[in-house]
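S.K.: Task: produce atomic coordinates for the following.
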Amino acid sequence: MDSSPAALRYERKFLAHGCSLDQVLTTVRRHPALFRQVYPPRTVNNLYLDSVSLRDYADHVAGIADRVKTRIRWYGSPAGAIARPALERKFRRGTVSGKLSYSLPALDLALGAPLAALDLAAAWAPLPDAIRALVSPLRPALVNRYQRRYFLSGDGQFRLTVDWDLEFLAPAVTLHPLRPTPPVVILELKYGPAQAEAAGEVSGRLPYRLTRCSKYVLGIEATRGR
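M.R.: Numbering: from 1, shown residues only. As a prediction, this is how the structure comes out:
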């Protein structure tokens, strides 16, 4: 396994069942923590990589305390020339998470081409040897994309993201994306260990269900009928 990320944090996810995006954003803006938007909204794209047996998916479903997910992330258009992709190795260590990120050379995700045939050898070339050895055996397992808004609390201690308009694509197809039914809005509260005590008050003012919801797991189950 990779060396530990430099900064571990708590990540708490909330599922806003039956709520529209406008309702969720109104709740966020009225929160006592004084959340304010800090970046323009943007489209997030992820190409998840896993073993042929979907080991990382299985570890998540089983609730393994120490687990990892591997993805290539980029922003903007879901296909075509990707100028600044990044490889991310996201860790879960008990109740805290972290990630390592590596810049990759430009990629071209052809619309309609099977993801399973994507040749990533050139993309892995500039990676450190230890990381390249870990990711080279992995294969495309899922593409997901969604819209995201970014917020920061008034004291700067808590980050909150709001994700909506989720789409999932299977590795054999990059057309006809699947969407969760009914549509979902997912909030994620992120904070460091020093804010763990205060986090109860902040999360308690979000009127949504705390969940272990993983977009990767949702996507695998939607596209593979698991």
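S.K.: The closest residue in space to residue 208 that isn't next to it in sequence: neighbour count?
M.R.: Computed as Cβ to Cβ, 6 or more residues apart in numbering, the closest residue to residue 208 that is not its neighbour in sequence is residue 14, at 3.9 Å. C-betas here are computed from N, CA, C, even on glycine. In terms of burial, residue 14 registers 21 neighbours under the definition other Cβ atoms under 10 Å.
S.K.: Residue 14 touches residue 206, doesn't it?
M.R.: Yes - between residue 14 and residue 206 there is a contact at 5.5 Å, judged by Cβ atoms under 8 Å.
S.K.: Show me whatever sits in contact with both of those two.
M.R.: With contacts defined as Cβ atoms under 8 Å, 6 or more residues apart in numbering, the residues shared by residue 14 and residue 206 are 187, 189.
S.K.: contacting residues around the residue nearest to residue 208?
M.R.: Residue 14 sits in contact with 186, 187, 188, 189, 203, 206, 208, 209, 210, 211, where contact means Cβ under 8 Å, 6+ apart.
S.K.: Look at it and tell me its secondary structure.
M.R.: The three-state label given to residue 14 by DSSP: H, G, I helix; E, B strand; the rest coil is strand.
S.K.: Beta-bridge partners for it, please?
M.R.: Note on residue 14: beta-bridge partners by DSSP bridges are residue 187, residue 210.
S.K.: With residue 137 as the reference, measure out to it.
M.R.: To residue 137, residue 14 is 35 Å away according to Cβ to Cβ, to the nearest Å.
S.K.: mind checking how far residue 213 is from residue 108?
M.R.: For residue 213, the distance to residue 108 under the criterion Cβ to Cβ works out to 31 Å.
S.K.: Tell me where the chain is predicted with low confidence.
M.R.: 1-6, 111-114, 116-117, 173-176, 226 (pLDDT under 70).
S.K.: one more time with 80
M.R.: For the chain, the stretches with pLDDT under 80 are 1-7, 78-79, 109-118, 171-177, 181-182, 225-226.
S.K.: Name the nearest residue to the residue of it most remote from its centre, sequence neighbours excluded.
M.R.: Using Cα atoms, centre = their mean, the residue of the chain lying farthest from its centre is residue 32. It sits 26.5 Å away. When the adjacent residues along the chain are set aside, residue 32 lies closest to residue 205, with 5.8 Å between them (Cβ to Cβ, 6+ apart).
S.K.: Show me the strands in this structure, by range?
M.R.: Along the chain, the stretches classed as strands by DSSP state E are 10-15, 36-50, 66-75, 80-82, 86-93, 96-103, 107-109, 139-152, 159-169, 186-191, 209-211.
S.K.: Let's have these in a markdown table, adding distance to residue 56.
M.R.: Written out in a markdown table, the entries for these read as follows (distance: least, Cβ to Cβ, whole Å):
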| stretch | distance to residue 56 |
| --- | --- |
| strand 10-15 | 17 |
| strand 36-50 | 5 |
| strand 66-75 | 5 |
| strand 80-82 | 22 |
| strand 86-93 | 10 |
| strand 96-103 | 14 |
| strand 107-109 | 21 |
| strand 139-152 | 8 |
| strand 159-169 | 16 |
| strand 186-191 | 19 |
| strand 209-211 | 19 |
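S.K.: nearest to residue 180, of those?
M.R.: For the strands of the chain, distance to residue 180 was read as Cβ to Cβ. The smallest value, 5.6 Å, belongs to strand 159-169.
S.K.: The closest residue to residue 190 other than its chain neighbours: what's it in contact with?
M.R.: Across the structure, with Cβ to Cβ, 6+ apart as the measure, the residue nearest residue 190 apart from its sequence neighbours is residue 159 (4.4 Å). Residue 159 sits next to 150, 151, 152, 153, 189, 190, 191 when contact means Cβ under 8 Å, 6+ apart.
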